[in-house]
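Colleague: quick one: sequence and predicted model below, then my questions.
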Amino acid sequence: MSEALEIAHGTFGRVALLDMDRSLVRHAHPHCHVLLKIEGDDTEFLVGDRVVALTDEQAVLVNAWETHAYLHDPRRAKAMILALYIEPNWLGAFRRNWAASGAPGFFEKSLGGVTPTIRRLAHDLAAEMVYAPHSSHIQDQLLSGLMIAVIERFTAWREEAESLRAAARCNASDWRIRRTITRVRAEPGATLGIEALAREAGLSRAQFYRLFEQSTGAPPHVFLNAIRIEQAVESIVGSGESLAAIGTHLGFAAPAHFSRFFRDHVGVPPSVFRSIVRRSGQPAV
């Protein structure tokens, strides 16, 4: 069974140390997402339409809103993975144009060679999460050092002009899609289907799908599920609500449905996620 060994959550986003032996459904995140192997067998991810390998020598790089899925081979042993989900505004504190990392295209490729520095920082961060989960060293030095090393190696957005172009392209998205996104962010538990959202936007289903994916980089249903997951994580970490109440707010008819949805996207049930965050000394809930 897949396990979340440790989870750190804060203004930087979240970092999870995962011991994976179960595939995840196709999903997306509003953050740039970096996957580094710590130990165990090599494994694979589907990023967009391409299968890429996660190995000791190779990291998997996923842009914001880019669809991806973990592909577990049952013939292989578990892979221990350091998964980084990094908030654009936190990155922007290091370099202004890095705040645009929430836009598609931040990483040029879905894989990249791991340098000795990146490998050392990843292993140091994993060890600190396990042995000293309350340590400020996780965010203050190890995570920031790792992300700077990753970005400097793997993205063209070292240059401000590149990020300005990408941000401008994102701002040029269709106004009807922007209005739909505003609504689903405000009402993550609404039961409206894709067809109803398309009708509200004054578009056919096919037009809506095409414009939505052009504007966001993700199909509508993947985007909607990502919004629900991120709001679930924020509620699990930052509120005292019961898991049943959180699930109801997000539109799930039964706690078991919410638990299954969360596990299929994150790798562990919401009860386990909350337990680990509490144990690690993250904000009280």
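Modeller: That came through, no problem. This is a predicted model, so every value here is computed, not measured.
Colleague: and Leu146, helix, strand or coil?
Modeller: helix (DSSP: H, G, I helix; E, B strand; the rest coil).
Colleague: from Thr248, how far out is it?
Modeller: Using Cβ to Cβ, to the nearest Å, Leu146 is found at 37 Å from Thr248. All C-beta spots, glycine's among them, are computed from the backbone N, C-alpha and C.
Colleague: how many neighbours does Ala59 have?
Modeller: 26 (other Cβ atoms under 10 Å).
Colleague: thinking again about what came up before, of Leu146 and Thr248, give the one with the bigger neighbour count.
Modeller: With other Cβ under 10 Å as the criterion, Leu146 and Thr248 differ in neighbour count, and Leu146 comes out ahead with 23 against 16.
Colleague: can you check the pLDDT for the more buried one?
Modeller: pLDDT recorded at Leu146 is 93.
Colleague: isn't it right up against His123?
Modeller: No - judged on Cβ atoms under 8 Å, Leu146 makes no contact with His123 at a distance of 10.1 Å.
Colleague: bridged to Tyr70, which residues?
Modeller: For Tyr70, the beta-bridge partners are Phe45 (DSSP bridges).
Colleague: in stretch 227-234, what counts as buried?
Modeller: Buried positions in stretch 227-234, judged by neighbour count with 16 or more other Cβ atoms under 10 Å: 227-233.
Colleague: hmm, I typed the wrong one, I wanted stretch 66-81.
Modeller: Within stretch 66-81, the residues that count as buried by 16+ other Cβ under 10 Å are 66-70, 72, 78-81.
Colleague: roughly how far does the residue nearest to Thr43 when sequence neighbours are not counted sit from Asp21?
Modeller: Spatial nearest neighbour of Thr43, chain neighbours left out: Ala79 (4.1 Å); criterion: Cβ to Cβ, 6 or more residues apart in numbering. For Ala79, the distance to Asp21 equals 8 Å [Cβ to Cβ].
Colleague: which residues touch Arg176?
Modeller: 201-203, 211 (Cβ atoms under 8 Å, 6 or more residues apart in numbering).
Colleague: do the same with Tyr209
Modeller: Taking Cβ under 8 Å, 6+ apart, one finds 194, 198, 219-220 in contact with Tyr209.
Colleague: return whichever strand or helix holds it as PDB; C-alpha atoms alone will do.
Modeller: Here Tyr209 sits within helix 205-216, counting by DSSP states H and E. Taking Å, rounded to 0.1, in the frame of the first residue of the first chain, the C-alpha atoms of helix 205-216 are listed here in PDB:
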ATOM      1  CA  ARG A 205     -19.500  21.200 -25.400                       C
ATOM      2  CA  ALA A 206     -16.700  20.700 -28.000                       C
ATOM      3  CA  GLN A 207     -16.000  24.500 -28.200                       C
ATOM      4  CA  PHE A 208     -15.900  24.700 -24.400                       C
ATOM      5  CA  TYR A 209     -13.400  21.800 -24.100                       C
ATOM      6  CA  ARG A 210     -11.200  23.200 -26.800                       C
ATOM      7  CA  LEU A 211     -11.100  26.800 -25.300                       C
ATOM      8  CA  PHE A 212     -10.800  25.500 -21.700                       C
ATOM      9  CA  GLU A 213      -7.700  23.400 -22.500                       C
ATOM     10  CA  GLN A 214      -6.200  26.200 -24.600                       C
ATOM     11  CA  SER A 215      -6.700  28.700 -21.800                       C
ATOM     12  CA  THR A 216      -5.600  26.500 -18.800                       C
END
